[in-house]
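Colleague: one predicted model, sequence on top.
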Amino acid sequence: MSNIELQVREIDGCEPGCLPDEVLGSSQPLLLRDLVAHWPLVEAAKKSADAADTYLRQFYNGTPVTESTGPPEIKGRIFYNDDLSGFNFKMQRTQLDTFLDNLRQYRADEEPPVHYVGSTTVDYILPDFRADNDLAIGDAAPLVSIWLGNQTRIAAHYDVPDNIACVVAGTRRFTLFPPNQLENLYVGPLDYAPAGQAISMVDLHEPDFDKYPKFRTALQHAQVAEMQPGDALFIPSMWWHHVEGLDSFNILINYWWRSVPAWMGNPMDVLNHALLSIRDLPAAQREAWQNIFEHYIFEADNELTSHIPEARHGVLSPIDESSARRLRALLLKQLNR
Amino acid sequence: MANHQMLDNVSHKDLRIITTRAAKYGDNIASTGIFPIEFRRVQAEYPIVFRKSAATADFEAAALMGLADGENLFLDDDGWHARYIPMTIERQPFLIGFQDRTEGGVPTEEPVVHVDMDHPRVSDAEGEAVFLEHGGISPYLEHINVVLRAIHDGHAQMKAFSAALVEHDLLEPFTLEVELNDHSKHKLAGFHTVNEEKLVSLGAEALASLHARGYLEHLYMTMASIANFSALIEKKNALL
């Protein structure tokens, strides 16, 4: 196990269910102890796994879920197979009841097979659950998802939205790396990953420093959050997170939202487009484009347009709904060739 | 044998589709499935009939192009002479397949375009390009996407229409017996058509309900299309 000394900063005195603005606007991760301790599901989970299981089942509407299963040998690490020709787990559709029965069956097992249901929209499968177990995220309309499983480890990855992850059953350990640790994390394929988002290839439990020497630097910047039922973690957009479910029965509910308007594009599309259009240009042209991106995108300020009449700022004006529509139409037209 | 493959712009980059109408491309068929949104255009050319699906027991609609198996009386060496060709012909050799997908963790089936690579229309030399030079979607493929989507929606619309037909008992079996100019006799059986007596005796409430869903129009289009049988018989006599 890697020794990480830095703990995620804790915010004290949060009212249950109430998120201060300083949390939502934070560029650093924050641990909010007992933020959702008042949820009935958390109260049930504090009594026993069976109580949480029973509480949860009453909301299930019968919609199938996607379950990942893996043999005991993978020790919960949901990952690629040895040569990356596939994954070390299988996915199948199942009923939530059947999945919970499976978890129950292996609850006392020392080396259980992995049973995991990741990122499933709560309202699709548990329609009335949020009536008594919910969190308001300012004015945002978040995507609310549930994650269930026994002992699992999800390799470090980032998500584009901001995230509040609430542990509701079992204990969890999050290991976070700032966005600028990208080059030290040895990220795997961009277009083939267990859950869609590219992941760090380094095994946090047994890092191979001969193969991944720069991972030592990443560890120096890592922060850890050990979480109990009721605790919530704010993970800012783009922060890498390695997630461990430590008990034989773990449930997490998370909220994802973007702090920018919905009509803005997805930065990942820009990266894909840049792979298509810029990365393999001759060096001099690529540098010219680097300069253009710095000028128009990364260092853009009011000075950029001060020499142009305001009525002619066009796409250089701050983006709004109309200019987003025009740019989208232009891109759609340009891309289809 | 069909060889259905999921269409993609790498495996099928040079795919072209021959859109000429001819018997050698599979156009020599006497009937084809149609959907309610087509009835108005179909009735201008072909008789519309109903048949019971063997798989679902729902009624399906068909346009008739001939009176015997493999006979398309609109087709000759110069092409298919009609102002409208039904979507189930237009789509060929493409079809809708379903791919497992996960949406918010919930497994779903997503309709995706498949192509029958053993279909005689498939070519790499002549016909319409499916993809643009660098993998974009050609205007032809955009058109096919529209047709396939209309067919996909058409199945659900036909199912609902069929339920209304059954509810009001508006179909009856019919047999067509034809004597051609050479005195040969032909019999067409196994189809259903609108039971006009039942339709005219429906009460105001039932009529309003059929009208509100556009079904009354479909029924009258079907009734009007029956006149096209005489055109079919004329075409057949002309071939004698």
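Modeller: Great, that's in hand. Numbering: from 1, shown residues only, chains lettered A, B, ... in the order given.

Colleague: for chain B, give me its nearest residue in chain A.
Modeller: Using CB to the nearest CB, the single residue of chain A nearest to chain B is A:Thr120, 2.8 Å away. C-beta: built from backbone N, CA, C; applies to glycine.

Colleague: and the residue in chain B sticking out farthest from the centre, how far from B:Ile137?
Modeller: Centroid-distance maximum for chain B: B:Gly105 at 36.0 Å, with CA atoms, centre = their mean. According to CB to CB, to the nearest Å, B:Gly105 and B:Ile137 sit 30 Å apart.

Colleague: contacts only, for the closest residue in space to A:Ala155 that isn't next to it in sequence.
Modeller: Closest residue to A:Ala155 in three dimensions, ignoring its sequence neighbours and counting by CB to CB, 6 or more residues apart in numbering or on different chains: A:Ile199, at 3.9 Å. By CB atoms under 8 Å, 6 or more residues apart in numbering or on different chains, the residues touching A:Ile199 are A:Phe79, A:Ile154, A:Ala155, A:Ala156, A:His157, A:Val187, A:Gly188, A:Ala193.

Colleague: now, those that are in strands?
Modeller: A:Ile154, A:Ala155, A:Ala156, A:His157 (DSSP state E).

Colleague: thought B:Arg40 was touching B:Met221?
Modeller: Yes: counting by CB atoms under 8 Å, B:Arg40 does reach B:Met221; the two are 5.7 Å apart.

Colleague: so these two - more neighbours on which side?
Modeller: Higher neighbour count among B:Arg40 and B:Met221: B:Met221, with 19 against 13, using other CB atoms under 10 Å in any protein chain shown.

Colleague: residues in contact with the helix or strand of chain A with the lowest mean pLDDT: which ones?
Modeller: Within chain A, judged by mean pLDDT, DSSP states H and E, the helix or strand with the poorest mean is helix A:21-24; its value is a mean of 86. Contacts with helix A:21-24, where a contact means CB under 8 Å, 6+ apart, come from A:Ile11, A:Cys14, A:Leu30, A:Leu32, A:Ile137, A:Gly138, A:Asp162, A:Phe234, A:Ser259.

Colleague: and it, what's buried?
Modeller: A:Val23, A:Leu24 (16 or more other CB atoms under 10 Å in any protein chain shown).

Colleague: spell out which parts of chain B neighbour chain A.
Modeller: Contact residues, chain B versus chain A (CB under 8 Å from any CB of the partner chain): B:Thr102, B:Gly104, B:Gly105, B:Val106, B:Pro107, B:Leu132, B:Glu133, B:His134, B:Gly136, B:Ile137.

Colleague: what residues are up against the nearest residue to A:Thr63 once chain neighbours are set aside?
Modeller: Distances taken as CB to CB, 6+ apart place A:Ile125 nearest to A:Thr63, at 5.0 Å, with adjacent residues excluded. A:Ile125 sits next to A:Tyr60, A:Asn61, A:Thr63, A:Val65, A:Leu96, A:Ile146, B:Gly105, B:Val106 when contact means CB under 8 Å, 6+ apart.

Colleague: which among these end up buried?
Modeller: Among the contacts of A:Ile125, those classed as buried by 16+ other CB under 10 Å are A:Tyr60, A:Thr63, A:Val65, A:Leu96, A:Ile146, B:Gly105, B:Val106.

Colleague: which ones among those lie within helices?
Modeller: The members of those that map onto helices under DSSP state H are A:Leu96.

Colleague: just the closest of the buried ones among the contacts of A:Ile125 to A:Ser26, please.
Modeller: A:Ile146 (24.3 Å; CB to CB).

Colleague: check what pLDDT that closest one gets.
Modeller: Per-residue pLDDT puts A:Ile146 at 97.

Colleague: just A:Met1 next, same as before
Modeller: A:Met1 is assigned 51 on the pLDDT scale.

Colleague: now swap in the one 3 residues further on and tell me
Modeller: Note on A:Ile4: pLDDT of 85.

Colleague: same check on the one 5 residues further on?
Modeller: We note a pLDDT of 95 for A:Arg9 in this prediction.

Colleague: who does it form a beta bridge with?
Modeller: A:Leu30 (DSSP bridges).

Colleague: close enough to count as contact, it and A:Leu32?
Modeller: No: with contacts counted by CB under 8 Å, A:Arg9 stays clear of A:Leu32, the gap being 10.3 Å.

Colleague: quick one: which of those two has more around it?
Modeller: When A:Arg9 and A:Leu32 are compared for neighbours, A:Leu32 comes out ahead with 24 against 13, by other CB under 10 Å.

Colleague: contacting residues for the closest residue to the more buried one other than its chain neighbours?
Modeller: Sequence neighbours aside, A:Ala232 is the residue nearest to A:Leu32 in space, at 4.5 Å (criterion: CB to CB, 6+ apart). The neighbourhood of A:Ala232, defined by CB under 8 Å, 6+ apart, consists of A:Leu31, A:Leu32, A:Leu35, A:Val36, A:Leu135, A:Ile164, A:Ala165, A:Cys166, A:Val167.

Colleague: quick one: contacts for A:Leu32?
Modeller: Counted by CB under 8 Å, 6+ apart, A:Leu32 has contacts A:Glu10, A:Ile11, A:Cys14, A:Leu19, A:Val23, A:Asp231, A:Ala232, A:Leu233, A:Phe234.

Colleague: circling back: and the least confident helix or strand of chain A, how far out from the chain's middle?
Modeller: With CA atoms, centre = their mean, to the nearest Å as the basis, helix A:21-24 stands 18 Å off its chain's centre.

Colleague: what do you get for stretch A:209-228?
Modeller: That offset, for stretch A:209-228, works out to 18 Å (CA atoms, centre = their mean).

Colleague: equivalent analysis for stretch A:32-51, please.
Modeller: For stretch A:32-51 - counting by CA atoms, centre = their mean - the centre lies 22 Å from the chain centre.

Colleague: got the buried residues for it?
Modeller: So stretch A:32-51, judged by 16+ other CB under 10 Å, has buried residues A:Leu32, A:Leu35, A:Val36, A:Ala37, A:Trp39, A:Leu41, A:Val42, A:Glu43, A:Ala44, A:Ala45, A:Ala49.

Colleague: that one spans what distance, first to last residue?
Modeller: 24 Å (CA to CA, to the nearest Å).

Colleague: show me where the chain has strands.
Modeller: No chain was given, so I picked chain A. Using DSSP E, strands in chain A cover A:9-11, A:30-32, A:65-70, A:77-78, A:90-94, A:114-121, A:143-149, A:152-157, A:162-169, A:172-177, A:223-227, A:232-235, A:240-245, A:250-257.

Colleague: actually it's chain B I care about, not the one you picked
Modeller: Remark: strands assigned in chain B by DSSP E are B:4-6, B:16-17, B:31-34, B:48-52, B:59-64, B:75-76, B:79-80, B:94-103, B:106-116, B:122-123, B:128-129, B:171-179, B:185-194.

Colleague: what lines up beside the third one in the sheet?
Modeller: In other words, strand B:31-34. strand B:59-64 (antiparallel).
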